[in-house]
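Participant: Got a predicted structure plus its sequence, pasted below:
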Amino acid sequence: MKAIAKRAGGLLAAAAFAGGLLSAPDARAIERQHHVGVAPAIGSLRVDGKSTASTGIGGALHYAYGLSDQWNLSVEASSVVVAANQKQDSLESPRNRPATVDHGALGVHYVIDILRWVPYIGLNGGVYRLAGGTLDSALILPGLSIGAGVDYQLNRRFAVGLGVRQHLMISKMDTYPSYTTALLRFEYMWGY
């Protein structure tokens, strides 16, 4: 009897899950839809010769334009303080440890817009500015970022979501092999 009850409970849970997915209203995204958003961010920069990652907080702004139901053109900008206490106070400190990483990029995102949950992946090309810390002067570096995330559309105007970006500073990958940001996204949409 216990086995039958357990199996019936599992089937009931699976049916409830499937019913929730099938009954969720679709997000109805269309081409020419505009998105603007803000995102608190956490960043982690790996620096050659440093045993731990430089980690800190910052924020990002983004704008997206729906080229089609599946493709968005995206413009992103972010700034993260990765080492607030990294100062040029010692001659022995390596001269490759920035205090901040700023980023601006343009790219495309592929969205899978079938329900209120909207997963996406994207590729951006842009510019990075590393400044402060033990650097003698700011570095301007070209780079790429690969991103993924999921947004939940609260209604036709507002969405919240989570995203992650892996950044590649292609001209200094030996010095800065990895820079990752995680974002909590808040978005406003218009233009149906």
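Facilitator: Structure's in. What do you need?
Participant: Could you check how far W190 is from V36?
Facilitator: 9 Å (C-beta to C-beta, to the nearest Å). Backbone N, C-alpha and C define where each C-beta goes, glycine included.
Participant: Mind checking which of the two has more residues around it?
Facilitator: Of the pair W190 and V36, V36 is the one with more neighbours under other C-beta atoms under 10 Å, namely 14 against 10.
Participant: quick one: low-confidence ranges for the chain?
Facilitator: Along the chain, segments meeting pLDDT under 70 span 1-30, 86-92.
Participant: Show me the helices in it, by range?
Facilitator: Assigned by DSSP state H, the chain shows helices spanning 2-23.
Participant: where do the strands sit along the chain?
Facilitator: 34-46, 54-66, 71-81, 100-111, 117-131, 139-153, 158-168, 178-190 (DSSP state E).
Participant: Next one: R129 from I42, what distance?
Facilitator: Here the criterion is C-beta to C-beta. By it, R129 lies 19 Å from I42.
Participant: try N155
Facilitator: Relative to I42, N155 is positioned 28 Å away (C-beta to C-beta).
Participant: and these two? which has more neighbours close in?
Facilitator: Applying other C-beta under 10 Å to N155 and I42 shows that I42 carries more neighbours, namely 16 against 10.
Participant: Please tell me I have it right and that one contacts I57.
Facilitator: Yes - the criterion here is C-beta atoms under 8 Å, and I42 meets it with I57 at 5.7 Å.
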